[in-house]
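> Return atomic coordinates for the entry below.
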Amino acid sequence: MKKKHHHKKKVSSTKKWSAKLHLWFGLSVGLIIFIVSLSGTLYVFKDEVQNSLRKEAIYVQKENIGSKPLSIEILREKVSLELNEKFPLSSVEIPLDQAKSYKFLYYEKDKKGWNYFDEVLINKLVYVNQYTGEILSVYNEKYDFFTLLKYIHWGLLLNSDWGKYVVGIPVVLFIIMLITGIVLWWPQNKKMRKGRFSFDWKNVKTWKRKNYDLHNILGFYASFIALLMSVTGIYFAYPWVKNTFNVALSGSTELPKEKEIKSPDSLLAKNNAIFDLTASETRKRYATSSSFRIPLNGKTKKGKELKNIPISVYGQDGRFSERNQLVFDKYSGKLLANKPHQQLNNAEKYANANYDIHTGSYFGLFGKIIWFITGLICTSLPVTGFLVWLGKQKKKGIKNVQ
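Numbers count the residues shown, from 1 in each chain. Take a look at the predicted model:
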């Protein structure tokens, strides 16, 4: 009677190439993925931590609440005189909650700086009691722990214009690694499927097997959220990603361009209470919002001169997805345009929401917790993956010696 020969099932070419790509890309960009994942994970609860640590600066004294706030121009002058910075104040963020203080920001960049510290000339946040003019606290955001985490995550503390590609390219490779990882994980039959969803370490004694399971099982569970995090991350870096979203959501590669509104009152003398007028109108129109930001130096973030006064109104605290836009004449303070969140097309709404989706805040506290756990797993994957590879190399070395 002939013995039956049990032949091993041939591994498909798809799995073979997936394994090669997974390994090559993992070894080449693993360290960068580790740094980017760790910095992003630690950044997730930035608002909760800062709101707790800065409580005394965020809230004004109870006896001040209800009285009339000082003019924004007066507060601006007080801050400028007291801090005596060589750069002008960039903007002020005004909360709709009367118990919260105003936030004045100094922010200036030098595009020629090759690294973060040379590029960002100043980034200071000043909390001011709007009722008394008292400066409650000054935070040098340039060297703040969470700001540094953000710029490590964004571009490894390199110039933001090209540092994003230093991170962006490895993230694209990481997306391929996630997809190939799912292909490699996918069981060939029902028997194999049982051990792919959970840890069964009753009879497992070696750390190598446990490490392999950590990489394999945790990697699978995290991969789908990790893909979302990665795609929303490269949305900031690559125009083609943004254009793809725009076409899918609204049928056009570009977002609607804001029409330049010429000031009808450019021949008039500038009203000294211009910022108070715009603030008062914004409060009336968006009384249920969280806060709004007014530019004070007449420039955009890119340093270009503003033709008018654009005001961004945020619907919820710590969220950017629900954003309304008002435009005022910079001479008279007349309202020139009002673009509420509801009137935006789908691509515009997504553009505002992408940051919140990337950080998990779009889904509330539950979303942040899930994003944090996923971030920890992503941070562990380069480590466990390297250990799997190292174990195989040692095994090959022992076989060669024998």
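
> what are the ranges of the strands in the stretch 301-402 of the chain?
Secondary structure of the stretch 301-402 of the chain, counting by DSSP state E, counting those that start in this stretch: strands at 309-314, 323-328, 335-339.

> Same list, those, but as a markdown table with mean neighbour count please.
Bear in mind the C-beta positions are built from the backbone N, C-alpha and C, glycine included. Written out in a markdown table, the entries for these read as follows (neighbours: other C-beta atoms under 10 Å):
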| stretch | mean neighbour count |
| --- | --- |
| strand 309-314 | 22 |
| strand 323-328 | 22 |
| strand 335-339 | 16 |
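
> Quick check: the gap between the residue lying closest to Leu27 once chain neighbours are set aside and Gly30.
Leaving out its chain neighbours, the residue that sits closest to Leu27 by C-beta to C-beta, 6 or more residues apart in numbering is Trp389, at 7.0 Å. As judged by C-beta to C-beta, to the nearest Å, Trp389 and Gly30 stand 9 Å apart.

> Show me which of these two is the more surrounded one.
For Trp389 and Gly30, the more surrounded residue by other C-beta atoms under 10 Å is Gly30, and the numbers stand at 20 against 14.

> Helix or strand next in line after the worst-scoring helix or strand of the chain on mean pLDDT, which one?
Every helix and strand of the chain was ranked by mean pLDDT, DSSP states H and E. The lowest is helix 190-193, at a mean of 61. Next along the chain after helix 190-193, taking DSSP states H and E as the criterion, comes helix 207-213.

> For that next one, name the packing helices and strands.
Using 3 or more C-beta pairs under 8 Å, 6 or more residues apart in numbering; DSSP states H and E as the contact criterion, the neighbours of helix 207-213 among helices and strands are helix 364-401.

> how far out from the middle of the chain is the helix it packs on?
Averaging C-alpha coordinates over helix 364-401 and over its chain gives two centres that are 24 Å apart (C-alpha atoms, centre = their mean, to the nearest Å).

> just checking, what packs against that helix?
Using 3+ C-beta pairs under 8 Å, 6+ apart as the contact criterion, the neighbours of helix 364-401 among helices and strands are helix 13-43, helix 207-213, helix 219-237.

> Show me which positions of it end up buried.
By 16 or more other C-beta atoms under 10 Å, the buried positions in helix 364-401 come out as 367-368, 371-382, 384-388, 391.

> Pick the most buried one from the helices and strands packed on helix 364-401.
helix 219-237 (a mean of 19; mean count of other C-beta atoms under 10 Å).

> now for it, which elements pack on it?
helix 160-185, helix 239-250, helix 346-359, helix 364-401.

> Relative to Ile72, which of the ones you listed is closest?
Taking C-beta to C-beta as the criterion, Ile72 comes closest to helix 346-359 out of the helices and strands packed on helix 219-237, the separation being 25.3 Å.

> about what we covered before: can the helices and strands packed on helix 219-237 go into TSV with extra columns for mean pLDDT and distance to Ser71?
Compiled in TSV, the helices and strands packed on helix 219-237 are given as follows (pLDDT from 0 to 100; distance: least, C-beta to C-beta, whole Å):
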stretch	mean pLDDT	distance to Ser71
helix 160-185	93	35
helix 239-250	93	40
helix 346-359	96	31
helix 364-401	87	37
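
> how about JSON lines for these, with distance to Lys68 added?
Output for the helices and strands packed on helix 219-237, formatted as JSON lines (distance: least, C-beta to C-beta, whole Å):
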{"stretch": "helix 160-185", "distance to Lys68": "40"}
{"stretch": "helix 239-250", "distance to Lys68": "44"}
{"stretch": "helix 346-359", "distance to Lys68": "33"}
{"stretch": "helix 364-401", "distance to Lys68": "35"}
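
> Relative to Ile74, which of those is closest?
Across the helices and strands packed on helix 219-237, Ile74 has its closest neighbour in helix 346-359 (32.5 Å, C-beta to C-beta).

> Name the residues that touch the closest one?
Here helix 346-359 makes contact (C-beta atoms under 8 Å, 6 or more residues apart in numbering) with 43-44, 228-229, 232-233, 235-236, 242, 245-246, 249-250, 252, 255-256, 319-323, 341, 344, 362, 368, 371.

> swap the cut-off to 6 Å and go again
With C-beta atoms under 6 Å, 6 or more residues apart in numbering as the test, helix 346-359 has contacts from 232-233, 235, 246, 249-250, 255, 319-321, 323, 362.

> mind listing what's buried in that helix?
Along helix 346-359, the positions that meet the burial threshold by neighbour count (16+ other C-beta under 10 Å) are 347-359.

> how about it as PDB, C-alpha atoms only?
Output in PDB follows, covering the C-alpha atoms of helix 346-359 (Å, rounded to 0.1, in the frame of the first residue of the first chain):
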ATOM      1  CA  ASN A 346     -19.200  68.300   0.800                       C
ATOM      2  CA  ALA A 347     -15.600  68.800  -0.200                       C
ATOM      3  CA  GLU A 348     -15.300  72.000   1.900                       C
ATOM      4  CA  LYS A 349     -17.000  70.400   4.900                       C
ATOM      5  CA  TYR A 350     -14.500  67.500   4.700                       C
ATOM      6  CA  ALA A 351     -11.600  69.900   4.400                       C
ATOM      7  CA  ASN A 352     -12.600  71.400   7.700                       C
ATOM      8  CA  ALA A 353     -13.200  68.000   9.300                       C
ATOM      9  CA  ASN A 354     -10.000  66.200   8.100                       C
ATOM     10  CA  TYR A 355      -8.000  67.400  11.100                       C
ATOM     11  CA  ASP A 356     -10.600  66.200  13.600                       C
ATOM     12  CA  ILE A 357     -10.900  62.900  11.800                       C
ATOM     13  CA  HIS A 358      -7.100  62.500  11.900                       C
ATOM     14  CA  THR A 359      -6.900  63.100  15.600                       C
END
